[in-house]
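the sequence and its predicted three-dimensional model are supplied below.
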Amino acid sequence: MRKTLTFTILVIILILDVVPSSGRAGERVDIIIRGGTVVTMDGSSRVIENGAVAIKGERIVAVGTAAEVAAKYAAARIINATGKVVMPGLINAHTHVPMVLFRGIADDLLLMEWLQKYIFPAEAKNVDEQFVRWGTRLGCLEMIQGGTTTYVDMYYFEDAIADETARAGMRAVLGETLIDFPAPDNKTWDAGMAYVENFATKWKGHALITPAIAPHAAYTVSTDHLKQAHSFSERLAVPLVIHVAEDPAEVKTIQERYGSSSVAYLERIGLLDERVIAAHMIWPTSDDIGTLAKRRVGVAHCPQSNMKLAGGAAPVPQMLKAGVAVGLGTDGAASNNDLNLWEEMDTAAKLHKLTSKDPTVINAREALEMATIRGARAIHQEKEIGSLEAAKRADLIIVGMDSVHQTPLYNVYSQLVYATKASDVETVVINGRIVMQNRRVLTIDELSVRVKANEYRDRIRKSISAQ
């Protein structure tokens with residue numbers, strides 16, 4: 001009798017486990033993160049104490065209090081976030097990810113000197129597909145450890161970057177760089193266009209990778225070639241990534257060459273539209289800012305790189321006031337020298353207080369928005385990422401809040417922007433997959449990446465000393 005009863009109970013348990021149930025009876029989901037302070041970054045800027053997020057497959061299915069979520073959902077995996085912050089993953093709106101292997105190669109120089117005397121020659125001697133693969137692994141490792149879940153890239157061999165990024169489980173907009181002189185992967189413009197055609201066709205529609213075309217800048221790409229790039233972006237409906245108004249030398253060159261500002265020139269040739277992600281945008285005029293808002297151009301603000309290269313302070317408060325979508329980027333680690341968006345948030349808020357002489361400009365919540373939901377708008381993906389809302393992609397991070405430098409806690413936005421460090425990020429979920437847990441990245445072999453990066457350092461050092 002006892003054996004029969006035990007068998008009956010086991011059968012009932014198995015049936016209940018496999019048969020779909022209604023929401024009221026506890027709908028099955030894959031992961032529930034509960035107990036933490038949920039900073040949603042949604043349209044109402046909800047902050048939910050003792051909150052919870054339910055994830056099924058690649059998407060968020062519910063965000064609410066722990067009690068609300070527990071009443072409707074049951075999960076095979078529960079993550080306890082008590083005492084921590086649960087928030088959207090950070091979005092790095094502009095970088096050159098393999099350039100982490102050039103970290104510290106040449107510092108404290110003017111932009112054009114840095115590019116022409118050091119970076120371009122070093123790239124010509126060292127950049128190949130394997131360089132790009134190892135650099136991408138190192139960059140993705142660093143970004144995941146710091147809570148970045150999405151990044152926008154501009155470099156060469158982007159097909160290899162896409163492959164490594166997808167393996168790492170990261171989300172990215174990847175722009176194959178096109179430039180009017182021989183590049184490491186394609187020696188002519190036509191070869192570059194053929195490459196980006198194959199690249200975009202291969203990756204379009206991927207769950208994590210958004211392919212893009214990336215003409216370097218108005219001063220390194222001819223008018224005809226810029227128009228070709230725009231036509232390509234329009235035909236394939238892919239983003240166009242470009243450096244714009246980055247440096248006083250660029251402003252002068254474009255003015256002398258075309259008789260206008262960089263933005264006005266790009267507007268005149270028909271390049272600006274809602275697919276464009278414009279990096280830096282340090283020197284737009286007031287009319288340019290109006291054009292950017294009208295054309296719905298996304299802007300990637302890179303405060304630390306801009307400061308380090310003395311490029312200037314972008315008029316971010318004016319752009320935000322005009323309705324321009326502005327996100328935060330690190331730029332490449334050769335000019336920053338890291339991929340840490342927590343530092344960019346802190347710097348962006350403080351830089352613009354200083355330049356405007358107004359301590360209320362770019363408050364902590366706005367700075368956090370630039371790394372999350374505003375960043376999503378800047379890269380034209382706000383319907384999918386940037387906030388914790390039902391039906392959006394499950395890209396989120398869990399941040400520890402009990403370190404000495406975070407104690408005591410009064411305001412969660414201030415604490416995240418002004419006190420939190422990349423090392424406080426404990427868990428990272430991208431597209432519903434846990435890619436870092438308890439500070440351990442699960443998708444990249446950290447030891448092999450460190451070893452290989454130091455091998456490249458020795459090789460690069462020899463190549464530049466031979467100049």
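Cool, the structure landed. Here the structure is a predicted model, which is why all the values come from computation and not from measurement.

give me the sheet partners of the helix or strand residue 94 falls within and which way each runs.
If you go by DSSP states H and E, residue 94 is part of strand 90-95. The pairing partners recorded for strand 90-95 under DSSP bridges are strand 148-155 (parallel).

mean confidence for the strand it pairs with?
Average pLDDT, strand 148-155: 98.

next secondary structure element downstream of it?
The C-terminal neighbour of strand 148-155 among helices and strands, as given by DSSP H and E, is helix 158-168.

ok, the residue nearest to residue 351 when sequence neighbours are not counted - contacts?
Of all residues not flanking residue 351 in the chain, residue 303 sits nearest, at 5.1 Å (CB to CB, 6 or more residues apart in numbering). For every residue, glycine as well, the C-beta is placed using N, CA and C. Going by CB atoms under 8 Å, 6 or more residues apart in numbering, residue 303 touches 313, 314, 328, 344, 347, 348, 351.

one step back: centre of the chain to the strand holding residue 94, how far?
3 Å (CA atoms, centre = their mean, to the nearest Å).

that one - what's its average pLDDT?
For strand 90-95, the mean pLDDT works out to 98.

list the buried residues of the helix or strand following it.
Downstream of strand 90-95, the next assigned helix or strand under DSSP H and E is helix 111-113. Within helix 111-113, the residues scored as buried using 16 or more other CB atoms under 10 Å are residue 111.

show me the contact partners of helix 111-113.
With contacts defined as CB under 8 Å, 6+ apart, helix 111-113 is touched by 246, 247, 249, 309, 310, 311.

7 Å instead?
Outside helix 111-113, the residues that touch it by CB atoms under 7 Å, 6 or more residues apart in numbering are 247, 249, 309, 311.

that's a helix at residue 326, yeah?
No. In this structure, residue 326 is strand, not part of a helix, as judged by DSSP: H, G, I helix; E, B strand; the rest coil.

residues in contact with it?
Per CB under 7 Å, 6+ apart, neighbours of residue 326: 299, 301, 316, 319, 320, 370, 374, 378.

ok, the fourth one to residue 308 distance?
Relative to residue 308, residue 319 is positioned 21 Å away (criterion: CB to CB, to the nearest Å).

and the contacts of helix 111-113, which two are furthest apart?
249 and 309 (10.8 Å; CB to CB).

who has more neighbours out of the two?
Neighbours per residue, other CB atoms under 10 Å: of residue 249 and residue 309, the larger number sits with residue 309, 25 against 14.

thought the more buried one was touching residue 337?
No. Residue 309 lies out of contact with residue 337 (CB atoms under 7 Å); the separation is 11.7 Å.

before we move on, back to that, save the contacts of helix 111-113 as JSON lines, and put in secondary structure and pLDDT too.
Formatted as JSON lines, the contacts of helix 111-113 follow (DSSP: H, G, I helix; E, B strand; the rest coil; pLDDT from 0 to 100):
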{"residue": "247", "secondary structure": "coil", "pLDDT": "90"}
{"residue": "249", "secondary structure": "helix", "pLDDT": "90"}
{"residue": "309", "secondary structure": "coil", "pLDDT": "90"}
{"residue": "311", "secondary structure": "coil", "pLDDT": "92"}
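
in strands only, show me the contacts of residue 326.
Under the assignment DSSP state E, those contribute 299, 301 to strands.

poorly predicted segments of the stretch 51-200 of the chain, please.
Judged against pLDDT under 70, the stretch 51-200 of the chain has no low-scoring part.

the stretch 351-467 of the chain now?
466-467.

do that again at 80, thanks
Counting by pLDDT under 80, the stretch 351-467 of the chain has low-confidence residues at 464-467.

mind listing the strands for it?
Remark: strands assigned in the stretch 351-467 of the chain by DSSP state E, counting those that start in this stretch are 396-400, 425-430, 433-437, 440-441.

okay if I get the ones you listed as JSON lines plus distance to residue 168?
As requested, the strands of the stretch 351-467 of the chain are arranged in JSON lines below (distance: least, CB to CB, whole Å):
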{"stretch": "strand 396-400", "distance to residue 168": "15"}
{"stretch": "strand 425-430", "distance to residue 168": "9"}
{"stretch": "strand 433-437", "distance to residue 168": "7"}
{"stretch": "strand 440-441", "distance to residue 168": "8"}
